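>>> just need the structure, nothing else, for what follows:
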Amino acid sequence: MAVYPRKQTVVILVVCILAVGGVAFYVRGDSSGIKAPIGSELVGISLATPEALPENTNWRQQFIDKNSTSTTFKSPAKATPNEPEKLTATDLLGRSFLTKYEELQQSGLIADADSVASIMGQVTAEALAKLPLPKTFSISDIKLSASTTVALNDYGKVLTNTFGSHMPKENEAQIATEALTTNDMLILKKLDPIIEDYKSLLASLKTINTPIPLAKYHLELMNNVSLAIHNAEAIRRIDTDPVSGLAGISLGVAAMQNIASLLYEVNDYLLMAGVRIGS
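The predicted structure is shown next:
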């Protein structure tokens, strides 16, 4: 990342925080209506839910003060003459805001709170729109099967065992929080096995014979696990790309809530069909 004057970098950080807040608000919406998994074994699986970042702001200060000798944030590799410069979401957000910031200065609107707020909103929206998207799947990626009672029972048992075996026992936000508050980015290595767990979970979901009535739920489970992989990998890079990493934390909350809600709906369908896992 390019080194900016201190005052300008402070402004960039503010926009980063607003961007992450915007993602959190967007994906959280009205979460009060999301039902927690209850009842049978199918929804008795522990889903670690990311927690909010702590109030400690030491990591923010390190991001602001590029001359700090204690910071462990790394700069992206410089481009070679034959290779285009590789810019992170944080780089792009910073450059975009600096351009708009200079335009406000030149037009004499830098003291106009409404103008500054408008520019912040515009730059934030553009930055969020440019974030890479996770891989998504379609019905054709699911192994469909009959809808007999036996098939439904088998599906419920396999799905329960799959999530029980591969769902990570730690959550990404706690690991990221520990790394940022202690300024020890080596802690982010703890995310590597979590990413592998998610990948194993997704690979297993692709192999499960899914009764046709449950295909829509299974598809959404696959897509949300794919989102979880995407988020965990973004958080893993939070030391070099804070914007994507913090967005990954916010989106990780949505992925876990969606997975929990989907497991509840699958369990509800099975119960209505007279299937009780483990009975």
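>>> how far away is the nearest residue to A273 once chain neighbours are set aside from L271?
Beyond its immediate neighbours in the sequence, the residue positioned closest to A273 (CB to CB, 6 or more residues apart in numbering) is L152, lying 5.6 Å away. (Each C-beta comes from the backbone N, C-alpha and C, glycine too.) With the distance defined as CB to CB, to the nearest Å, L152 ends up 11 Å from L271.
>>> related to what we said a few turns ago, okay but the residue nearest to A273 is in contact with R276, surely?
No. With contacts counted by CB atoms under 8 Å, L152 stays clear of R276, the gap being 10.6 Å.
>>> so which of the two has more stuff around it?
More crowded of L152 and R276, by other CB atoms under 10 Å: L152, with 22 against 15.
>>> surely V275 is in a strand?
No. Secondary structure of V275, determined by DSSP: H, G, I helix; E, B strand; the rest coil: coil, with no strand assignment.
>>> A helix includes T136, no?
No. Secondary structure assignment (three-state DSSP) places T136 in coil, not in a helix.
>>> excluding its backbone neighbours, what's nearest it?
Residue nearest to T136 in three dimensions, not counting chain neighbours: N223, with 5.3 Å by CB to CB, 6+ apart.
>>> specify the local secondary structure of that neighbour.
Put simply, N223 is helix when judged by three-state DSSP.
>>> which residues are in contact with each of L152 and R276?
Jointly contacting L152 and R276 under the rule CB atoms under 8 Å, 6 or more residues apart in numbering are L270.
>>> where in the protein is pLDDT low?
By pLDDT under 70, the weakly predicted segments of the chain are 1-85, 91, 96-97, 100-101, 104, 110, 112, 278-279.
>>> please repeat the previous calculation with a cut-off of 50.
In the prediction, the chain carries residues with pLDDT under 50 at positions 1-40, 50-76.
>>> quick one, helices of it?
Along the chain, counting by DSSP state H, helices occupy 6-28, 58-64, 89-107, 113-129, 149-166, 172-182, 191-207, 215-236, 242-272.
>>> next, format those helices as a markdown table and append distance to F137.
What follows is the helices of the chain, written out as a markdown table (distance: least, CB to CB, whole Å):
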| stretch | distance to F137 |
| --- | --- |
| helix 6-28 | 20 |
| helix 58-64 | 35 |
| helix 89-107 | 24 |
| helix 113-129 | 23 |
| helix 149-166 | 16 |
| helix 172-182 | 22 |
| helix 191-207 | 8 |
| helix 215-236 | 5 |
| helix 242-272 | 14 |
